[in-house]
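[1] here is my input; please provide its structure:
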Amino acid sequence: MTFLVTGATGTVGRHIVDELVRDGRRVRALTRDPGRAAMPAGVEVVAGDLTVTDSLVSAFDGVTGVHLINFGGDDYGLLRNGREIAELAVKAGVRRVTVLGGWDQGTLEPAVRAAGLEWTFVCPTEFMSNALGWAEPIRTEGVVREPFGDATTAMVHEADIAAVAARALVEDGHAGRTYGLTGPERLSIRDKVRVIGEMIGRPVGFVELTEEQARERMAAEGQPQELIDFLIGVFANVPEEPNIVNDTVERVTGRPARTFARWVAEHADAFRP
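    Predicted coordinates for the structure are as follows:
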């Protein structure tokens, strides 16, 4: 039985590869740049681009389960070829599919539902790894500058997302389920900055930007207007339901969700000068 992981070099995909390898599974990793994949021994690395269906044909050959992401390309836009990917999976004899969803399901999730596959949708709230965006200013200035300092999310560790996806691929009982995933606590931006400081043993300051200042900074960084509007909208009015702390990670994996403090401890060197 071979399991295909798309987005295999990504934040979650790389952890899924590791989970499946630890479980003794045969893994095929899809990436647009195999030469830079750096996968564990025994993992078959293949080239392919989710936005180009024809590039996926050989990758799906002989695969039992597939982990998919609903975005791709250089701009990480929602896939427009979801129906074609689902049809390819059916034709290849794929049995199970997990889909890492985002704020919008795009074309992939409806197509997977309609294709008769054993699907599981994995829908996390904010990734803890988003905090790496603060690494450079913390290293160089010891300060984080963001708007909406009191906005709270139930950040989830990317390894926990991967663990849930891996269980859904290899175990019975997950078909037809949508798993909203959170971490074990809800933290504001101020809280997250404080935790980082505590874990690295160095005070980290927080400066709250106005919305206008935040928009100007993101535009100066080259962020597209659509993404700026999305990020401002999310943190100005944090969606409530996806950030209600739940125990889904523990129910699926058998162990509690990792804390943000643990995540920072694992990545502490990124925040130190």
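[2] now do the buried residues in stretch 185-197.
    186-193, 195-197 (16 or more other C-beta atoms under 10 Å). Where C-beta positions appear, they are placed from N, C-alpha and C, glycine not excepted.
[3] pull the most distant pair out of the residues you listed.
    Arg186 and Gly197 (19.1 Å; C-beta to C-beta).
[4] pLDDT weak spots in the stretch 101-250 of the chain?
    103, 105 (pLDDT under 70).
[5] now the helices for it?
    108-114, 135-141, 158-170, 189-200, 211-220, 225-236, 248-253 (DSSP state H, counting those that start in this stretch).
[6] of all these, which lies closest to Gly72?
    Using C-beta to C-beta, the helices of the stretch 101-250 of the chain put helix 108-114 closest to Gly72, at 9.7 Å.
[7] pull out the buried residues from that closest one.
    108-109, 111-113.
[8] make CSV from those and add distance to Thr125 to it.
    As requested, those are arranged in CSV below (distance: C-beta to C-beta, whole Å):
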residue, distance to Thr125
Leu108, 20
Glu109, 17
Ala111, 24
Val112, 21
Arg113, 22
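[9] and the spatially closest residue to Asp104 that is not a sequence neighbour, what does it touch?
    Among residues not flanking Asp104 along the chain, Leu78 sits closest, at 6.0 Å (C-beta to C-beta, 6 or more residues apart in numbering). When contacts are counted by C-beta atoms under 8 Å, 6 or more residues apart in numbering, Leu78 is found next to 70-71, 102, 104, 106-108.
[10] and the residues you listed, which of them are buried?
    Burial by neighbour count, judged by 16+ other C-beta under 10 Å, picks out 70-71, 106-108 from those.
[11] residue contacts, the closest residue to Ala268 other than its chain neighbours?
    Nearest residue to Ala268, sequence neighbours excluded (C-beta to C-beta, 6+ apart): Ile200, at 5.2 Å. Residues near Ile200 by C-beta under 8 Å, 6+ apart: 138, 264, 268, 271-272.
[12] which ones among those map onto helices?
    138, 264 (DSSP state H).
[13] ok, the contacts of Ile200 vs His157, which is closest?
    So of the contacts of Ile200, ranked by how close each gets to His157 (C-beta to C-beta), first place is Val264, at 10.6 Å.
[14] gap between the closest one and Arg26?
    34 Å (C-beta to C-beta, to the nearest Å).
[15] between those two, which has more neighbouring residues?
    Val264 (20 against 15; other C-beta atoms under 10 Å).
[16] isn't that one right up against Trp134?
    No. Counting by C-beta atoms under 8 Å, Val264 stays clear of Trp134, with 10.6 Å between them.
[17] for the contacts of Leu78, which one is nearest Phe148?
    Gly102 (20.1 Å).
[18] OK, contacts around that closest one?
    Neighbours of Gly102 in contact, by C-beta under 8 Å, 6+ apart: 70-71, 78.
[19] okay, and which of those residues map to strands?
    Among the contacts of Gly102, the members falling in strands (DSSP state E) are 71, 78.
[20] mind putting the contacts of Gly102 in TSV, pLDDT included?
    Formatted as TSV, these follow (pLDDT from 0 to 100):
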residue	pLDDT
Asn70	89
Phe71	83
Leu78	82
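[21] and the strands in the protein?
    So, for the chain - with DSSP E - the strands run 2-5, 26-31, 44-47, 63-69, 71-72, 77-78, 96-100, 118-124, 143-146, 152-153, 177-181, 187-188, 205-208.
[22] quick check: buried residues in the last one?
    Of the residues in strand 205-208, those buried by neighbour count under the rule 16+ other C-beta under 10 Å are Phe206.
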